[in-house]
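[1] Here you go, sequence then predicted model.
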Amino acid sequence: MAEPTTLPKLLQKNARDMRDRPAIREKDRGIWQTHTWLQYHDNVRDLAHGLAALGFKRGDKLSVIGDNRPRLYWAQVAAQTLGGVSVAVYQDSIARELAYVWQHAEVSVIVAEDQEQVDKILGLKAELPALRLVIFDDPRGMAHYGQDWLKAFQDVQALGREFEASHPRFFEEEVDKGGPEDVAMIAYTSGTTGNPKGAMLTHANAIETARIFMQAEDVRPDDEWLSYLPMAWVGDTIYSLVLSLAAGFCCNCPESPETVQRDLRELGPTTLLAPPRIWENMLASVQVRAADATPLKRRVFDRFRAAAEEAEILRADGKPVPAGLRLLCRLGEFFVYRPIRDQLGLRRARWCYTGGAPLGPETFRFFRAFGVNLKQVYGSTELSALVSIQPDGEANPTTVGKACPGIEVKLADKGEVLIKSVGVFKGYYKAPDATREVIDSEGWFHTGDAG
């Protein structure tokens, strides 16, 4: 059987081959709610039918806004099933930024997490001529909103089940129409100068990048991933949505941004991606606890930390670790390193990544020394989030690792990093001139980074 070439086709495969395995969880009122791959599929199908009944068609844009929630991920795949394009936005964006993206992308449907996000949309509705429908996930506080273009997620799904009764093969036929070169999502860049640009990523960009990642890293169907980074960031899209569909592992959505650290400790994911500030905050919390400990515990911590970092430096330099130091580190694993990993929620983590900005050598070395397989990853929105990762034995705070299999890297005359891969985006939405500035005639993407 041919490999699936679109995200909805991957979902169909998972619902068939892994129907009862956990696909996505969310924590609600302190309890983890689990959805299997079959339930994931059925929720996407019901919503896709509901969207179709309400006039959503191929080429339409659907945006999601809110914290990481299963229904917001399902909404993106439902739109892609119908030949539409998903556009995630940052939930903490100011009104001007939201209005620009929704106007520029000509978004016709927005799926919002809760009342707070709906109120933002209400304030901008007059500026969004293409917007026809707003769907809300959390019904709390929404009872008195009477707009006819505002509907509850479960009501749209109920409408979808009615639609399916008279269109029994519609979902499968729409999935079959999708192709690898169809645009799956538009990811808006940060816009450090001027307005953000919308990078169009195809199904092929996303899926082939995920497959490259799985060749380079130990990814397993029974992995547990914490989905807590902004859904508008391409890193969350590729890891929480695409890689989960491609590998079949389970994503876990924390209860709220305020509970991420607690939920991380409770879940103990097997893999984790975090920006440098998260790693720095974790280190700071460990140092604060150590400083508040009794003098004896503080001395024990300092002694075993020094031993771990000495051993890590020797390993990084390719030098042997003396027997006495190895013994000290084994004792440290029992008394210090493992308890700290457990407190941080990293007790089961086989690999962890940092990316998006440089991580200080001290922080990097601390986690490596304490038994966390922390590595650097490098990519960008236009490259489907992936260029290089560090192999397990070559983690180093001063590099971003080797280019992944099938990804070509070269330096231009002035040292600019150029990339050629299946992940190179289709172009900037409505900006052909800007696209030509970054993709040359030979297909090389000009990153703007010096290397």
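    Great, that's in hand. Remember, it's a predicted structure, so these values are computed and weren't measured experimentally.
[2] got the contact list for I419?
    By Cβ atoms under 8 Å, 6 or more residues apart in numbering, I419 lies in contact with L383, V387, I407, E408, V409, W444, F445, T447. Just so you know, the C-beta spots here come from the backbone N, C-alpha and C atoms, and that holds for glycine as well.
[3] Now the buried members of the residues you listed.
    Among the contacts of I419, the ones that count as buried by 16 or more other Cβ atoms under 10 Å are L383, V387, I407, V409, W444, F445, T447.
[4] dump the residue contacts of the nearest residue to the first one once chain neighbours are set aside.
    So the one you mean is L383. Of all residues not flanking L383 in the chain, G423 sits nearest, at 4.9 Å (Cβ to Cβ, 6 or more residues apart in numbering). With contact set as Cβ under 8 Å, 6+ apart, G423 has these partners: N205, E208, T209, I212, G379, L383, S384, A385, L386, I407.
[5] now G423: how far from I212?
    As judged by Cβ to Cβ, to the nearest Å, G423 and I212 stand 7 Å apart.
[6] Between those two, which contacts overlap?
    Taking Cβ under 8 Å, 6+ apart as the criterion, G423 and I212 both touch L386, I407.
[7] Which phi and psi values does the residue nearest the centre of the chain adopt?
    With distances taken as Cα atoms, centre = their mean, D236 lies nearest the centre of the chain, 1.2 Å away. Main-chain dihedrals, D236, degrees, to the nearest 10: phi -70, psi -40.
[8] which is the next helix or strand following the lengthiest helix in the chain?
    What stands out as the longest helix in the chain, according to DSSP state H, is helix 295-316. For helix 295-316, the following helix or strand on the C-terminal side (DSSP states H and E) is helix 323-332.
[9] for that next one, which positions count as buried?
    The neighbour-count check on helix 323-332 (16+ other Cβ under 10 Å) flags L328, C329, G332 as buried.
[10] could I get these as CSV with distance to L273 and pLDDT?
    Compiled in CSV, the buried residues of helix 323-332 are given as follows (distance: Cβ to Cβ, whole Å; pLDDT from 0 to 100):
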residue, distance to L273, pLDDT
L328, 31, 96
C329, 27, 96
G332, 27, 95
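[11] tell me which of the residues you listed is nearest to P254?
    Lowest distance from P254 to these (Cβ to Cβ) belongs to G332, with 30.4 Å.
[12] Surely the closest one is in contact with A306?
    No - the criterion here is Cβ atoms under 8 Å, and G332 misses it with A306 at 9.7 Å.
[13] now the helix or strand hosting E116, how far from the centre of its chain.
    Using DSSP H and E, E116 maps to helix 115-124. The chain centroid and the centroid of helix 115-124 are separated by 24 Å under Cα atoms, centre = their mean, to the nearest Å.
[14] Check stretch 201-212 too.
    14 Å.
[15] buried residues in it?
    By neighbour count on 16+ other Cβ under 10 Å, the buried set for stretch 201-212 is L201, T202, H203, A204, N205, A206, I207, E208, T209, A210, R211, I212.
[16] With stretch 408-425 instead?
    V409, V417, L418, I419, K420, S421, V422, G423, V424, F425.
[17] Just the ones of these in strands?
    Counted as lying in strands by DSSP state E, out of the buried residues of stretch 408-425, are V409, V417, L418, I419, K420.
[18] give the contact list for the first one.
    Meaning V409. Contacts of V409 were listed using Cβ under 8 Å, 6+ apart, and they are V387, S388, A403, V417, L418, I419, G451.
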